[in-house]
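Novice: Structure for this input, please:
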Amino acid sequence: MASHEMKTKVAGVTFPDPKSGRDRQEIISRYVRAGNKLKLKLEKNAHAEGGAAVAVWLQRGCVRRRRFHIGYLSEERKWEIIPALQRGMSYTAMVSDVTGGTRQHSTHGVNIVIRWSD
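Specialist: The predicted structure is shown next:
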């Protein structure tokens, strides 16, 4: 069984969530922290290369769960994990760092690490 690790940035963090209209920058500023666990969701997407996208979700709370769609894996990196997601392989995904949010770099970015075996 081979182990894999991917370190990457979440793409699309400057765009609002198309379904809810929520501002992803506000969500990241308020809720996203290093160490947060993430969920990945394989989506059919006619606008994405190959018709597939991997959405990145933050889930907060144990009792009253709130989920926030914070972006996607990039077109270049998504193909590394799509086969594992299609096969239902287990994975862990977490925020490694939140960048920006300063006077010089006001836009927030989210760095993540994903680990899986196949």
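Novice: only C-alpha atoms for contact and neighbour calcs from this point on.
Specialist: Noted.
Novice: Could you pull out the helices in this protein for me?
Specialist: Counting by DSSP state H, the chain has helices at residues 24-31, 75-86.
Novice: so for the shortest one, what's the average pLDDT?
Specialist: Spelled out, it's helix 24-31. The average pLDDT within helix 24-31 is 95.
Novice: Tell me which other helices or strands it touches.
Specialist: Judged by 3 or more Cα pairs under 8 Å, 6 or more residues apart in numbering; DSSP states H and E, helix 24-31 is in contact with strand 66-72.
Novice: how much space between the residue sitting nearest the centre point of the chain and Met1?
Specialist: When Cα atoms, centre = their mean is applied to the chain, the residue found nearest the centroid is Val56 (2.7 Å). Here the criterion is Cα to Cα, to the nearest Å. By it, Val56 lies 25 Å from Met1.
Novice: just Asn45 next, same as before
Specialist: Asn45 is 31 Å from Met1, by Cα to Cα.
Novice: And Asp17, by the same measure?
Specialist: Distance of Asp17 to Met1, given as Cα to Cα: 36 Å.
Novice: out of the two, which sits in the busier spot?
Specialist: Asp17 (16 against 5; other Cα atoms under 10 Å).
Novice: can I assume that one is in contact with Glu26?
Specialist: No - Asp17 is not in contact with Glu26 according to Cα atoms under 8 Å; the separation is 11.2 Å.
Novice: got a list of what the closest residue in space to Glu43 that isn't next to it in sequence touches?
Specialist: Once flanking residues are discounted, Glu43 sits nearest to Ala53: 5.2 Å by Cα to Cα, 6 or more residues apart in numbering. Shown in contact with Ala53 (Cα atoms under 8 Å, 6 or more residues apart in numbering): 42-45, 72-73, 75, 78.
Novice: Flag the shaky bits of this structure, pLDDT-wise.
Specialist: Flagging of the chain using pLDDT under 70 yields the residue ranges 46, 61-64.
Novice: which residue ranges form the strands in it?
Specialist: 3-9, 38-44, 52-60, 66-72, 91-99, 109-117 (DSSP state E).
Novice: For Pro83, which of those strands is the nearest?
Specialist: strand 38-44 (10.1 Å; Cα to Cα).
Novice: how about the closest one: buried residues?
Specialist: 38-40, 42 (16 or more other Cα atoms under 10 Å).
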